[in-house]
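[1] Here is my input, please return the structure:
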Amino acid sequence: MKQFLLASSAMALIATASPAFAQEAEDEGAVGAEIIVTAQKRAENVQDVPVAVSVISGDALEQQGGINIENAQYLVPSLNFRKSGTALNQSLYLRGVGTTTFSIGGEPSVGTVLDGVVLARSGEAFSDLVDIERIEVLRGPQGTLFGKNASAGVINIVSKRPGPDFGGYAEGGFFFGNGEEYRVRGGVNLPLSEKLGSRITGFYSKWDGNIVNETLGRRVNGYERYGIRGVVEARPSDTVTLTLIGDWRKSNDDCCAEVIGAPARNADGTVYATFNTRAATGLPPLLGDRTRRVRQNLLTQALEKAWGISFQADVELNGPTITSITSYRGYDSNEIRDGDFLSTPYIGIVQSHDFGPQTGTTFTQELRLTSPTGGFFEYVAGLYYYQAEQERTFTRSNIACSASTLPAQGVLTPCSTTAGASTLTFPLGTATFGTTFKNMAGFGQATLNFSDNFRGIVGIRYTHDQLNGFHSRTNPVAGAANANFDQGVYNEYIRQINLGATPAAAQAAAVLASNGQPFRQKVTNNNWSGKAGLQYDISEDMMAYATYSRGYKGPGLNVFFNLNSNGTPPLAPETADSFEGGLKTTLLDGQMTLNIAGFYAKYKNFQANNPDFVLGQRVTRFTNAGTVSTRGFEIDMLYRPSDDFSLSGGVAYTDAKVDQFRLPPGAPITDQIPNGTQLPFSPKWKASLGSSYTIRTGGFADVELGAQGSYQSSQLALLVASPLIRQNGTIKDYGLLDLSIALVGKDDRFRVSFLAKNVFDTSFAAAISDGGPLSAGNTGSSSYRYIIPREADRYFGINARFNFGAN
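    Numbers count the residues shown, from 1 in each chain. Next up, the predicted model:
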């Protein structure tokens with residue numbers, strides 16, 4: 001909180017100085033300008049939309065040094081981001097609700113949409129965002145119009161479109177302070193004819209990383225990313241617009257090596273003595289969220305390739321507009337992970353390395369009809385089809401050592417793969433599994449204009465979901481890797497249960513029935529969801545609204561490497577009943593907007609990862625965790641008295657908690673999570689405040705000062721029953737302050753910026769997990785793994801952008 005208050009003070013100083021220069025603004029055209037969004041599938045002023053929406057311009061995100069959605073969480077108080085070992089497993093949270101799962105049979109609760117195309121997994125949107133017009137963050141269930149994966153909200157990403165004139169930009173940046181980073185990006189707007197335009201952009205970025213791997217002798221947790229994106233837009237007539245968009249990117253991330261930041265603890269909270277003696281040899285010093293070193297003999301990596309193409313046709317009929325969006329996307333990811341977090345196998349401590357390539361494709365088709373505005377009955381209606389296929393081959397390769405001739409290191413004796421040096425076995429398990437999601441829907445939403453200032457909103461969506469999954473795991477070398485699992489194992493497990501065997505006994509007996517045939521599942525569901533609300537214009541500059549939304553997310557399957565018979569029951573669909581009321585105001589002759597929203601939502605059959613044990617190892621199981629709820633309020637503010645000064649910010653209070661936990665079938669009662677437990681990644685308080693102020697020099701360049709502060713209270717990172725683990729898995733509260741100064745050329749022909757990020761060098765963890773190494777035999781908790789984001793260290797950057805033509 002201290003850092004956020006200091007950040008607020010810094011921005012207040014900028015604000016105090018502004019009136020002396022406001023009179024010198026050359027162009028007041030932008031003051032009070034409307035912010036246009038497509039939150040209701042039509043272009044509207046954000047102040048007229050009865051939905052809580054935060055809008056971030058692509059230019060504003062870049063000027064803050066941000067390049068992806070992860071950076072947006074510091075600008076939108078209701079948005080949180082769960083960082084994981086790979087983008088494939090990372091998650092977005094809105095109003096405290098999101099989905100954490102390692103299963104490819106589950107979908108996120110917060111949907112991501114890129115230029116009208118729903119992305120199958122939010123990880124597809126976690127790479128660099130280049131040439132973005134804006135990001136719209138829609139809070140609360142948005143399934144009526146957006147459908148897939150939107151039971152908690154939508155991140156709607158809109159890229160820039162071709163303009164009528166030739167132009168473009170070239171940009172380069174160098175960042176330093178916690179590993180060096182280089183960024184290059186550029187684009188060109190190229191008219192091909194009077195009715196045909198194109199826009200092509202490309203990017204490259206490389207960062208060393210913020211963690212030192214002592215074993216490999218290099219920095220890790222960095223990345224190398226590059227890609228290209230093209231847009232071609234044709235306007236053969238005044239009533240027809242055709243848009244073709246294609247993109248391709250590749251990411252080679254050595255991310256995210258988890259540091260061991262905290263020790264294993266006994267049930268009474270004291271440090272487990274055996275852990276301390278082992279850690280003195282096997283780990284770097286444990287410094288909590290200040291830990292920046294690992295000793296791992298495998299480079300943890302996330303190797304990704306994504307591409308896509310979409311075609312959109314907008315045809316104005318005599319009144320309504322018909323829109324068709326067709327897309328096909330591919331997303332491949334290969335997760336390489338050091339699963340034992342140590343530099344070598346030791347006697348009695350198994351080395352575990354994971355390799356998990358995954359491929360996926362998605363086809364979508366949306367067809368909708370949008371009425372013109374101004375009549376009594378305004379509507380958006382359409383049909384939607386979605387098919388996403390994913391397949392993964394995951395191998396866990398272990399080395400187990402029972403004896404070694406190498407000298408002991410403290411209390412640990414390392415093992416060697418040199419012939420005759422150690423007694424080794426090489427347990428190995430490989431699983432091939434996949435899913436196919438099919439979704440068909442019809443939807444419509446209408447606005448009834450009862451009068452000039454009073455409107456009713458009603459919407460409905462019918463959804464049919466079909467989900468197929470398969471799984472087959474082989475264990476050619478027995479040992480610590482999991483035993484076989486396939487259709488034969490499952491059939492025998494069910495037979496043993498019907499004969500009265502306990503789940504553990506049935507599981508042990510079923511392994512002998514392995515037949516090599518993939519275990520297959522299929523689940524279908526039909527659903528009606530929708531929205532209803534009222535909207536009233538209190539005055540020309542003030543609008544109030546109240547809405548009810550029925551959110552829906554389809555059924556799921558627990559499909560991942562550790563799957564066993566007890567984890568096979570399909571997950572029921574997740575539903576939400578959400579109530580929201582808000583007030584949107586425009587003040588000071590359009591210079592200020594101030595929006596307030598209050599909300600309450602209850603989620604039933606909440607889909608989440610729950611702790612589980614498989615063959616004595618702690619894993620997670622994707623289940624319906626019961627009923628949860630979230631309530632709170634949000635305030636968004638934008639004040640722009642002139643072109644030279646702006647102040648924006650927001651605050652969110654969120655109380656998201658477990659109402660009634662559902663214990664997974666077969667789980668011990670000790671895994672019962674208490675009702676009232678805070679949901680993970682849902683801080684009760686979040687706030688942001690940003691300011692930009694331009695000094696007009698009259699010379700070759702003006703000076704622009706910027707400041708951005710953010711704060712969030714403490715939050716849980718683990719949804720578990722143990723109060724000890726929850727306490728040690730809590731991310732502390734923290735505040736960040738970023739400062740910038742830029743030279744801006746006339747007509748914005750160039751911009752050279754110097755940025756100072758995390759000025760106070762505030763350290764924090766993006767995620768904390770239990771299940772760390774050197775904890776065997778402890779009955780309290782294992783050691784804790786921390787993921788440290790880049791923003792947890794102070795760093796600096798220089799960025800230069802040059803615009804040419806009509807950019």
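[2] measure Gly533 to Gly581 for me?
    Gly533 sits 9 Å away from Gly581, going by C-beta to C-beta, to the nearest Å. In short, each C-beta sits where N, CA and C put it, glycine included.
[3] Overlap in contacts, the two.
    Contact with both Gly533 and Gly581 is made by residues 545-547, according to C-beta atoms under 8 Å, 6 or more residues apart in numbering.
[4] Mind checking which of the residues you listed are in strands?
    Counting by DSSP state E, the shared contacts of Gly533 and Gly581 place 545-547 in strands.
[5] what is Ile635 paired to in the beta sheet?
    Under the criterion DSSP bridges, Ile635 forms beta bridges with Ile596, Val651.
[6] cool, and the one 10 residues further on?
    Counting by DSSP bridges, Phe645 forms beta bridges with Ser642, Tyr693.
[7] Check what pLDDT it gets.
    pLDDT recorded at Phe645 is 96.
[8] just Lys2 next, same as before
    Model confidence at Lys2 (pLDDT) stands at 50.
[9] repeat for Gly551
    So, for Gly551, pLDDT stands at 93.
[10] And for the one 10 residues further on?
    Looking at Phe561, its pLDDT stands at 91.
[11] Ok, the one 3 residues further on next?
    Asn564 is assigned a predicted lDDT (pLDDT) of 88.
[12] you'd agree it is up against Gln507?
    Yes. Asn564 lies in contact with Gln507 (C-beta atoms under 8 Å); the separation is 6.1 Å.
[13] Closest to Tyr493 out of the ones in strands among the shared contacts of Gly533 and Gly581?
    Checking those against Tyr493 with C-beta to C-beta, the nearest one is Thr547 at 46.2 Å.
[14] sec struct for Asp747, please.
    Put simply, Asp747 is helix when judged by DSSP: H, G, I helix; E, B strand; the rest coil.
[15] Where does the prediction get shaky in the stretch 551-700 of the chain?
    Low-confidence segments of the stretch 551-700 of the chain, defined by pLDDT under 70: 611-620.
[16] hey, where'd the helices end up in it?
    For the stretch 551-700 of the chain, helices defined by DSSP state H, counting those that start in this stretch do not occur.
[17] Repeat that for the chain.
    In the chain, the helices defined using DSSP state H lie at 2-17, 19-22, 58-63, 69-72, 143-146, 273-282, 487-498, 503-510, 723-728.
[18] In JSON lines: those helices, plus distance to Asn605.
    Output for the helices of the chain, formatted as JSON lines (distance: least, C-beta to C-beta, whole Å):
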{"stretch": "helix 2-17", "distance to Asn605": "37"}
{"stretch": "helix 19-22", "distance to Asn605": "54"}
{"stretch": "helix 58-63", "distance to Asn605": "35"}
{"stretch": "helix 69-72", "distance to Asn605": "27"}
{"stretch": "helix 143-146", "distance to Asn605": "15"}
{"stretch": "helix 273-282", "distance to Asn605": "38"}
{"stretch": "helix 487-498", "distance to Asn605": "23"}
{"stretch": "helix 503-510", "distance to Asn605": "22"}
{"stretch": "helix 723-728", "distance to Asn605": "23"}
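[19] so which of those helices comes closest to Gly735?
    Across the helices of the chain, Gly735 has its closest neighbour in helix 2-17 (3.2 Å, C-beta to C-beta).
[20] re the thing from before, out of the shared contacts of Gly533 and Gly581, which is nearest to Asn439?
    Taking the shared contacts of Gly533 and Gly581 together and measuring to Asn439 by C-beta to C-beta, the closest member is Thr547, at 24.0 Å.
[21] tally of neighbours for the nearest residue to Gly649 once chain neighbours are set aside?
    Using C-beta to C-beta, 6 or more residues apart in numbering and skipping residues adjacent in sequence, the residue nearest Gly649 is Leu689, 3.7 Å away. Using other C-beta atoms under 10 Å, Leu689 has 22 other residues around it.
[22] just Ser629 next, same as before
    If we define neighbours as other C-beta under 10 Å, then Ser629 has 21 of them.
[23] Who is the spatially closest residue to it that is not a sequence neighbour paired with across the strands?
    Counting by C-beta to C-beta, 6+ apart, Ser629 lies nearest to Lys602, which is 4.5 Å off, once chain neighbours are set aside. Per DSSP bridges, residues listed as beta-bridge partners of Lys602: Asp577, Ser629.
[24] What distance do you get for Lys602 to Arg550?
    Distance from Lys602 to Arg550, counting by C-beta to C-beta: 11 Å.
[25] Which neighbours do the two have in common?
    The overlap between the contact sets of Lys602 and Arg550 (C-beta under 8 Å, 6+ apart) consists of 576-578.
[26] Switch the residues you listed over to CSV; also include distance to Leu647 and neighbour count.
    Listed next are the shared contacts of Lys602 and Arg550 as CSV, based on distance: C-beta to C-beta, whole Å; neighbours: other C-beta atoms under 10 Å:
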residue, distance to Leu647, neighbour count
Ala576, 34, 26
Asp577, 36, 15
Ser578, 31, 25
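[27] Looking at these, which is nearest Tyr693?
    Ser578 (38.5 Å).
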